[in-house]
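K.L.:
Test case, fold it:
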Amino acid sequence: MKYSTKLKVLTVALASALGGVPAAYAEDAVAVASADKSPHTLSTNIGFFTDYTFRGISLARERGAVQGGIDYSHSSGFYLGAWATNMNKDAFYGNTVELDIYGGYVHTLAEDLSLNLGFLQYFYPDGDRPVSGTGIKGANPNTTEINAALSYKYFTLKHSYALTNLFGVNDGYGGNGNSRGSGYTELNVNYKLPIYDVNLALHVGRQTVHNYSQASYTDWLVGVNKDFSIAGSAGWNAGLNYTTTNASDSWYVDARGWETGNDRFIGYIKRTF
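P.N.:
Residues are numbered from 1 along each chain as shown. Purely as a prediction, here's the structure:
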């Protein structure tokens, strides 16, 4: 779910790269192998964030998150990766760890124009414990999404579609039936500013939850980040994001009354190897 952003070497989307933005953006962090070298590319990444925010919703409760992943890509356009993060136990039924497996295919349609078709599987090892302090118990939060993204220069338009219940929302959680068929549509802009080699990240996304209109919302993000080296060691990136949502405070709230969709700043530093 890397909305907190997973590192983005492939300019497709969000990604984690929006640094701290979202969860699910891991599949956008794949580096495409160069045709004049080996057709295979393997990279790893690790990052430290002041919060894990997925689609504008805080899943670490602003207590910090360590995130890392491994990505493989082939010069043909196929890619596969895995990514993990810690999270607050009140976010998803007592789970403290999220593991994402993702893959797909990137095809160049024209100069600066590409199409990315992929899948993303979210795993929560602790399953579906009742929500802390409540009697609420949804389905297992493990979720499968398929997605399609169209990228042109520094713009990426992406849609994700849930093949399963969306993070455990079902009759046992909300009483209105299953949430299969939920969708998330987002527009991302990643642009290098002409000053100090600073990158500008802009994002807007719309989460719709099938059968649960009260859980649907829009999120926004604006951030800046910079690539740099330390003692000749490249691959570093640090930044600051501001994110906010119009999510319902009655739906996106934990057992202690903490509203998870409120606006916040997210700082981070990460490195790709």
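
K.L.:
Show me where the stretch 151-273 of the chain has its helices.
P.N.:
Assigned by DSSP state H, counting those that start in this stretch, the stretch 151-273 of the chain shows helices spanning 171-174.

K.L.:
Disregarding residues adjacent in the polypeptide, which is nearest to residue 270?
P.N.:
Leaving aside its sequence neighbours, residue 270 sits nearest to residue 47 (Cβ to Cβ, 6 or more residues apart in numbering; 3.0 Å). The C-beta positions use only the backbone N, C-alpha and C, and glycine is treated the same way.

K.L.:
Relative to residue 224, how far out is that neighbour?
P.N.:
To residue 224, residue 47 is 16 Å away according to Cβ to Cβ, to the nearest Å.

K.L.:
Looking at the two, which is more packed in?
P.N.:
Ranked by neighbour count (other Cβ atoms under 10 Å), residue 47 and residue 224 place residue 47 first, with 25 against 16.

K.L.:
I'd say the more buried one and residue 269 touch.
P.N.:
Yes - Residue 47 is within contact range of residue 269, at 6.8 Å (criterion: Cβ atoms under 8 Å).

K.L.:
Tell me which helix or strand the residue nearest to residue 270 sits in.
P.N.:
Following DSSP states H and E, one finds residue 47 within strand 40-49.

K.L.:
Could I get the buried residue list for that strand?
P.N.:
Across strand 40-49, burial judged by 16 or more other Cβ atoms under 10 Å covers 41, 43, 45, 47, 49.

K.L.:
Note down every partner strand of it and its orientation.
P.N.:
strand 65-74 (antiparallel), strand 264-272 (antiparallel) (DSSP bridges).

K.L.:
Can I get those in a markdown table including mean neighbour count?
P.N.:
Listed next are the strands paired with strand 40-49 as a markdown table, based on neighbours: other Cβ atoms under 10 Å:
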| stretch | mean neighbour count |
| --- | --- |
| strand 65-74 | 20 |
| strand 264-272 | 19 |
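
K.L.:
Put together JSON lines for those, with distance to residue 121 and mean pLDDT on each row.
P.N.:
As requested, the strands paired with strand 40-49 are arranged in JSON lines below (distance: least, Cβ to Cβ, whole Å; pLDDT from 0 to 100):
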{"stretch": "strand 65-74", "distance to residue 121": "14", "mean pLDDT": "94"}
{"stretch": "strand 264-272", "distance to residue 121": "22", "mean pLDDT": "93"}
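
K.L.:
Would you mind giving those strands as a markdown table with distance to residue 177 added?
P.N.:
Below are these laid out as a markdown table (distance: least, Cβ to Cβ, whole Å):
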| stretch | distance to residue 177 |
| --- | --- |
| strand 65-74 | 32 |
| strand 264-272 | 32 |
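
K.L.:
still on that earlier bit, quick check: the residue nearest to residue 270 vs residue 244, distance?
P.N.:
To residue 244, residue 47 is 22 Å away according to Cβ to Cβ.

K.L.:
Then residue 96?
P.N.:
Per Cβ to Cβ, residue 96 is found 26 Å from residue 244.

K.L.:
Repeat that for residue 73.
P.N.:
Distance of residue 73 to residue 244, given as Cβ to Cβ: 33 Å.

K.L.:
For stretch 243-259, buried residues please.
P.N.:
Here stretch 243-259 shows 243, 245, 247, 251, 252, 254, 259 as buried, counting by 16+ other Cβ under 10 Å.

K.L.:
What score does the fifth one have for pLDDT?
P.N.:
As summarised for this prediction, residue 252 has a pLDDT of 87.

K.L.:
Return the residues in contact with it.
P.N.:
Listed by Cβ atoms under 8 Å, 6 or more residues apart in numbering, the contact set of residue 252 reads 57, 215, 217, 245, 259, 260, 261.

K.L.:
pretty sure the fifth one contacts residue 253?
P.N.:
Which is residue 259. Yes - with contact defined as Cβ under 8 Å, residue 259 reaches residue 253; the gap is 5.2 Å.

K.L.:
next SSE after the strand holding residue 47?
P.N.:
Sequence-wise, the next helix or strand downstream of strand 40-49 (DSSP H and E) is strand 53-54.

K.L.:
May I have the strands that pair with that following strand, each with its orientation?
P.N.:
If you go by DSSP bridges, strand 53-54 pairs up with strand 57-58 (antiparallel).

K.L.:
Many thanks, I have nothing further to ask.
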